[in-house]
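Trainee: Could you look at this predicted model? Sequence included:
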Amino acid sequence: MTQPQVLAFLILGGMMLLFIWGKLRYDMVALLALLASLAVGTVSPEDAFTGFSDDIVIIVGSALVVSATIARSGIVETLIRWVVRRVTNVRWQMTVLVSSVTLLSALIKNIGALAILIPAAFKMAKRSGASPSAFLMPMSFASLLGGLITLVGTSPNIIVSRVREEMTGEPFGMFDYAPVGIGLALTGLVFLQVGYRLIPRERRAAPSLEEAVGISDYNTEATVPEGAKVVGKTVAELLGMVDGGLVITGIVRGGKRRGVTLPETVIEADDTLLLRGEPNALERAITVGGLELARQSGDGSKEVLGIIETVVTPSSLLVNRSAEQVNLHALHGVNVIAISRAGHQMTERLGATTLMAGDVLLVQGPSAVMPEVLENLRLLPLAERSIRLGSVRKEILPLVILVAAMGLTATGVLPVAVAFFAAATLMMATGAISTRDAYDSVEWPILIMLGALIPVSEALQTTGGTELIGAWLSSAASGLPVWGAVAVIMIAAMAVTPFLNNAATVLVMAPIAATFATELGYAPEAFLMAVAVGAGCDFLTPIGHQCNTLVMGPGGYRFGDYARLGAPLSLLVVCVGVPLILAVWG
């Protein structure tokens, strides 16, 4: 073993120990590994930052923006809403949720797909009286399996594709993963139908902020513009479109409030509806009904810059006064767009409602001046919550852009990096997602880790380290049949993933697997696919993949709960995945 090989192995070993130690963030570990490689000379200064210009970084970053835009559009909520109303049996709810997150994870990054459907899981759990923990872990595992189906479903697939291109000159295509991925996803779906019972029934999340402070609903008002979907419909029809959680407390027509609002009351253009309900219900009413939030501004501006949830303190200037009395928009540049008060039903117009200490307000205004305004008004901001009331949601456009991007990559017209970069840019340019929200949706630590680790992993190849490990593995596996060799690689990737980020696992394991295949005299595709499957299937811990981490708090899970459901699923993946890989790739 040469000195550069020894140094490359030492840096790799130290990096893995730091990952396992967990005291430093994974992006910082990757940066330290790159710095160490530069210091000892295994990475040259000229190659140190080539990883940040790699296509992988562009694809992953663009996929995150696309995922956030699809989530923001509400298209998935619209498609699944009718199912939520009709399905009350826990097993059938499980089928709907697991199938939906699997399918969606094939189209966008699996963490984004899971985040989109978590609210639906809570709603279904509430309807059936089950604990959300019965749904969330199976959904997380299903999102990992769904990510195996396409190139952009998960980061390991993108990295493995690049390794294949370096070895053979041809990358894996968008749907080359589908035969194996679909088979494993169906296997997981069948298992999770029964396996979810392995999750302890008593698992429940701690009460949320919303539950703790009792913010159950808001009072707001919205105008009915010409051509809105609800014009000519009755109040009962609007409530049916929203699917519960909403009450119409009054209608203002011609400047006068109608005394009684009956279900058969017909809604007309230019009406102002006084609404009361949960934020999600209010948002659905505004979106599906084509309504516009009423504002206290005299210019009729519809610009949405930022919304924050605040509490009126006893010393606030708004106590015992209304937004109109303090001329809130003219003097401070902000609007009150909704009010929540325990046991309060709005009887006055929003701007004329007298405010009290303890009221919870949704305040809208320019983000740059919001902190100063809140301080001047002595409003206490609550912990940040995702409230999109009044935001513009374009349901169909992001889906059209995504389908076009996938079609262009599937037909070979555009490379994946170009297609998804174009999709993310078009979504921002068309207003489907704001530039600020797009940047906020990018997991910058992941991109930093990828950019830093690419030259570190390449150093293992340039020093001959991967050939050395491949020779060791081939010697150890010399008596194994080909299925045994593929299984060894898959299990090794599964074993490493809980301690490394899955993208880091592939950066380390893919070159080793390719060399291992070459040493045994096999084509590399089956072994690279085994790495992708192993790295994408961390079912044993809450820390190996972001999806598992995302559901740990909401599901009230403990560390050991993951292995209870994940160990048998991991065994199934190996038993089914190895034959599938060999059948497809030979």
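Mentor: That came through, no problem. Numbers count the residues shown, from 1 in each chain.
Trainee: can you give me the strands for the chain?
Mentor: 218-223, 246-253, 256-257, 272-277, 292-293, 307-312, 335-340, 360-364, 379-381 (DSSP state E).
Trainee: same for the fourth one, what does it pack against?
Mentor: Using 3 or more Cβ pairs under 8 Å, 6 or more residues apart in numbering; DSSP states H and E, the elements in contact with strand 272-277 are strand 218-223, strand 246-253, helix 279-289. All C-beta spots, glycine's among them, are computed from the backbone N, C-alpha and C.
Trainee: Turn these into JSON lines, including distance to Val152.
Mentor: Shown next, in JSON lines, are the helices and strands packed on strand 272-277 (distance: least, Cβ to Cβ, whole Å):
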{"stretch": "strand 218-223", "distance to Val152": "37"}
{"stretch": "strand 246-253", "distance to Val152": "37"}
{"stretch": "helix 279-289", "distance to Val152": "27"}
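Trainee: For Val363, find the nearest of these.
Mentor: Among those, strand 218-223 comes nearest to Val363, with 12.1 Å by Cβ to Cβ.
Trainee: what comes into contact with the closest one?
Mentor: Strand 218-223 is contacted from outside by 249, 252, 270-279, 282, 285-286, 289, 291-294, 337-341, 344-346, 349-350, 353, 360, 362, 389, using Cβ atoms under 8 Å, 6 or more residues apart in numbering.
Trainee: So in terms of bridging, what pairs with Pro381?
Mentor: Thr310 (DSSP bridges).
Trainee: Number of residues surrounding it?
Mentor: 14 (other Cβ atoms under 10 Å).
Trainee: doesn't Thr310 make contact with it?
Mentor: Yes - the criterion here is Cβ atoms under 8 Å, and Pro381 meets it with Thr310 at 5.2 Å.
Trainee: any shared contact partners between the two?
Mentor: In contact with both Pro381 and Thr310: Leu374, using Cβ under 8 Å, 6+ apart.
Trainee: what residues are up against the closest residue to Ser441 other than its chain neighbours?
Mentor: Among residues not flanking Ser441 along the chain, Ala68 sits closest, at 3.4 Å (Cβ to Cβ, 6 or more residues apart in numbering). Contact partners of Ala68, counting by Cβ under 8 Å, 6+ apart, are Gly112, Ile433, Asp437, Ala438, Ser441.
Trainee: export the residues you listed to CSV and tack on pLDDT?
Mentor: Output for those, formatted as CSV (pLDDT from 0 to 100):
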residue, pLDDT
Gly112, 68
Ile433, 86
Asp437, 82
Ala438, 88
Ser441, 79
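Trainee: Switch the residues you listed over to JSON lines; also include distance to Glu226 and neighbour count.
Mentor: Formatted as JSON lines, the contacts of Ala68 follow (distance: Cβ to Cβ, whole Å; neighbours: other Cβ atoms under 10 Å):
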{"residue": "Gly112", "distance to Glu226": "36", "neighbour count": "23"}
{"residue": "Ile433", "distance to Glu226": "28", "neighbour count": "24"}
{"residue": "Asp437", "distance to Glu226": "29", "neighbour count": "15"}
{"residue": "Ala438", "distance to Glu226": "32", "neighbour count": "22"}
{"residue": "Ser441", "distance to Glu226": "34", "neighbour count": "19"}
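Trainee: Extract the residue ranges of the stretch 1-150 of the chain that are flagged as low pLDDT.
Mentor: Within the stretch 1-150 of the chain, the segments meeting pLDDT under 70 span 20, 22, 71, 74-82, 84-85, 112, 115, 119.
Trainee: Any idea how many residues pack against the residue lying closest to Asp47 once chain neighbours are set aside?
Mentor: Nearest residue to Asp47, sequence neighbours excluded (Cβ to Cβ, 6+ apart): Pro455, at 5.3 Å. Using other Cβ under 10 Å, Pro455 has 23 neighbouring residues.
Trainee: Could you double-check that Pro455 lies in contact with Asp54?
Mentor: No - using Cβ under 8 Å, Pro455 is not in contact with Asp54; the gap is 9.4 Å.
Trainee: So which residues of the stretch 451-586 of the chain form helices?
Mentor: With helices called from DSSP state H, counting those that start in this stretch, the stretch 451-586 of the chain shows them at 465-476, 482-496, 502-520, 525-536, 546-555, 561-585.
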